[in-house]
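Participant: just to be clear, the model below is a prediction. Sequence and coordinates:
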Amino acid sequence: MANDDLKTLALADLHAELGAKFVPFAGYSMPVQYPLGVMGEHQWTRENAGLFDVSHMGQVMLPADAVAGLESLVPVDVAGLAEGRQRYGFFTNDAGGVLDDLMIARVPDGLFLVVNAGCKEADIAHLRAHIDGVEVIEDRALLALQGPKAEAALSEVLPGAAAMAFMDSTRMDWDGTEVWISRSGYTGEDGFEISIPEDRAEAFARALLADDRVEAIGLGARDSLRLEAGLPLYGQDLSPTISPVEAGQAWAIGKVRRPGGERAGGFPGADVILPQLGGNAPRRRVGLLPEGRAPMRAGVQIFDSEDAETPIGEITSGGFGPSLGSPMALALIDADTPKDISLFGEVRGKRLPVTQTKLPFTPPGYKR
């Protein structure tokens, strides 16, 4: 896509003022890093508070009577979601794969969804084909404040934020403007996501950045942070050909939607996904630690011995973990692969050893 065809964020001028480098991502010109650099931004977020502009994500409102319609598209307990709470979920297809992952919040006037930027047009069409009254929110920015000092920093401008529990969702007033806020994020750290009208977003961002604990953080560090946290990226670790069970996301399938539950099944691919819950998935997600300092990237094939002819899987996401101090990767491998054996990744024709490890790579910092 030519740069002239890229959409720009409402805060693009602020990002440029802050020294951002921009890259094309999901049809948008996005800040990938600032003068602090990816490594510095990553560590800053782990130790302080990082401000991310994620306004490229899709924001969608569904009417209050859309619960059953949404449950027909996702294996999530939407009906049991209390007002003021949020859940993670995913749209599935008939083959048991994932069309997109999303956040679902029960708000006073319906259901508020946040979907991935690269999938939002398809997601909206998918929703509209099954649910009436789908409203696309196009005049609000979306910011994420993440890190162990996020609560303290946000409380300076939104005092009520400190009382929120993990995955709470609420609305607050900031200087006469209604903000929609959830205690969530995608870095493995405590934090918040804040939806705010675009015409107030810059003033709000500047109010946060005026705090010495807050720095602007780009896409580069967002990716390394989520990978250290063992969180899947749609299009790599989740896809239409990877089931949520294979991707390690079975925990998000509600008890009432499982076999024996009050509303078992009833979503696309249930006949494929539900039997996998009993340990019958053909593949499993695994964390890998390559030896040395060189990362193994997505697409690297994995073997169970140095001389095996057939790969047992491949890396779906890989990079260097600044907090970990070593390379790391997520891979999808044959489910019957023993969990205690060393594996090998093939890089430029050489088989290099990797160790299987439990996820996440770094301890989570969520507020429970």
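Facilitator: Structure's in. What do you need? Residues are numbered from 1 along each chain as shown.
Participant: check contacts around the residue nearest in space to the middle of the chain.
Facilitator: The geometric centre of the chain, computed from its C-alpha atoms, lies nearest to Y186 (CA atoms, centre = their mean), at 4.9 Å. If you count contacts by CB atoms under 8 Å, 6 or more residues apart in numbering, Y186 has them with 144, 222, 225-226, 229, 231. For glycine as for every other residue, the C-beta is placed from the backbone atoms N, C-alpha and C.
Participant: distance of it relative to A335?
Facilitator: 26 Å (CB to CB, to the nearest Å).
Participant: what does G133 give?
Facilitator: Taken as CB to CB, the span from G133 to A335 is 41 Å.
Participant: which one's more surrounded, those two?
Facilitator: The residue with more neighbours, out of G133 and A335, is A335; 18 against 14, by other CB atoms under 10 Å.
Participant: identify the residue nearest R226 in space, chain neighbours excluded?
Facilitator: Y186 (5.0 Å; CB to CB, 6 or more residues apart in numbering).
Participant: got the buried residues for stretch 6-14?
Facilitator: For stretch 6-14, a neighbour-count test (16 or more other CB atoms under 10 Å) marks 6, 9-12, 14 as buried.
Participant: end-to-end on it?
Facilitator: One end of stretch 6-14 sits 17 Å from the other (CA to CA, to the nearest Å).
Participant: what does stretch 212-225 give?
Facilitator: OK, stretch 212-225 end separation, CA to CA: 21 Å.
Participant: list the buried ones in that stretch?
Facilitator: 213-225.
Participant: taking those residues together, which two end up most distant?
Facilitator: Longest distance between any two of the buried residues of stretch 212-225 is 22.5 Å, between R213 and D223; criterion CB to CB.
Participant: so what's the spatially closest residue to L6 that is not a sequence neighbour bridging to?
Facilitator: Nearest in space to L6, with sequence neighbours left out and distances taken as CB to CB, 6+ apart, is S29 at 4.4 Å. As for beta bridges, S29 partners with T8, P24 under DSSP bridges.
Participant: strands of the stretch 101-250 of the chain, residue ranges please.
Facilitator: If DSSP state E, counting those that start in this stretch is used as the criterion, the strands of the stretch 101-250 of the chain fall at 110-115, 135-137, 140-146, 169-174, 177-182, 191-197, 214-216.
Participant: domains of the protein?
Facilitator: 3-54+138-228, 282-362+364-368 (automatic domain parsing).
Participant: can you put those domains in JSON lines and add mean pLDDT?
Facilitator: Formatted as JSON lines, the domains of the chain follow (pLDDT from 0 to 100):
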{"stretch": "domain 3-54+138-228", "mean pLDDT": "97"}
{"stretch": "domain 282-362+364-368", "mean pLDDT": "96"}
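Participant: nearest to D94, of these?
Facilitator: domain 282-362+364-368 (17.2 Å).
Participant: the closest one: end-to-end distance?
Facilitator: Domain 282-362+364-368: ends 33 Å apart by CA to CA.
Participant: what of stretch 104-113?
Facilitator: 5 Å.
Participant: contact partners of it?
Facilitator: With CB under 8 Å, 6+ apart, stretch 104-113 has contacts from 58-64, 66-67, 70, 74, 76, 78, 81-89, 102-103, 127, 169, 171, 180, 182.
Participant: who's sitting farthest from the centroid in this protein?
Facilitator: Outermost residue of the chain (CA atoms, centre = their mean): D307, 36.3 Å.
Participant: checking that residue next. Helix, strand or coil?
Facilitator: coil (DSSP: H, G, I helix; E, B strand; the rest coil).
Participant: ok, it to M57 distance?
Facilitator: On the measure of CB to CB, D307 and M57 end up 45 Å apart.
Participant: likewise A161?
Facilitator: For A161, the distance to M57 - CB to CB - is 20 Å.
Participant: all helices for the stretch 1-150 of the chain, in order.
Facilitator: 12-17, 37-47, 67-71, 120-130, 150-155 (DSSP state H, counting those that start in this stretch).
Participant: looking at the ones you listed, which is closest to E262?
Facilitator: helix 67-71 (11.3 Å).
Participant: hmm, who's touching that closest one?
Facilitator: Contacts of helix 67-71 (CB under 8 Å, 6+ apart): 62, 76-79, 104, 111, 127, 130-132, 257, 263, 266-267.
Participant: and stretch 299-312, by the same measure?
Facilitator: 288, 313-315, 318, 329, 331, 333-334, 337, 341, 343-347, 351, 354.
Participant: right, and G147 touches R46 too?
Facilitator: Yes - with contact defined as CB atoms under 8 Å, G147 reaches R46; the gap is 6.8 Å.
Participant: and the two? Which one has more around it.
Facilitator: More crowded of G147 and R46, by other CB under 10 Å: G147, with 27 against 21.
Participant: got a list of what the nearest residue to that one once chain neighbours are set aside touches?
Facilitator: Distances taken as CB to CB, 6+ apart place A49 nearest to G147, at 4.1 Å, with adjacent residues excluded. The contact partners of A49, by CB under 8 Å, 6+ apart, come to 145-150, 152-154, 191, 211, 213-215.
Participant: V347 too?
Facilitator: So V347 contacts 294, 296, 300 (CB under 8 Å, 6+ apart).
Participant: ChimeraX command to pick out the buried ones of those?
Facilitator: Here is the ChimeraX command that selects only those of these that count as buried (16+ other CB under 10 Å):
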select :296,300
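Participant: which residues in the stretch 201-350 of the chain form helices?
Facilitator: 219-228, 270-275.
Participant: what sits up against the shortest one?
Facilitator: By that I understand helix 270-275. With CB under 8 Å, 6+ apart as the criterion, helix 270-275 contacts 75, 92, 95-96, 243-245, 253, 258-259, 264-265.
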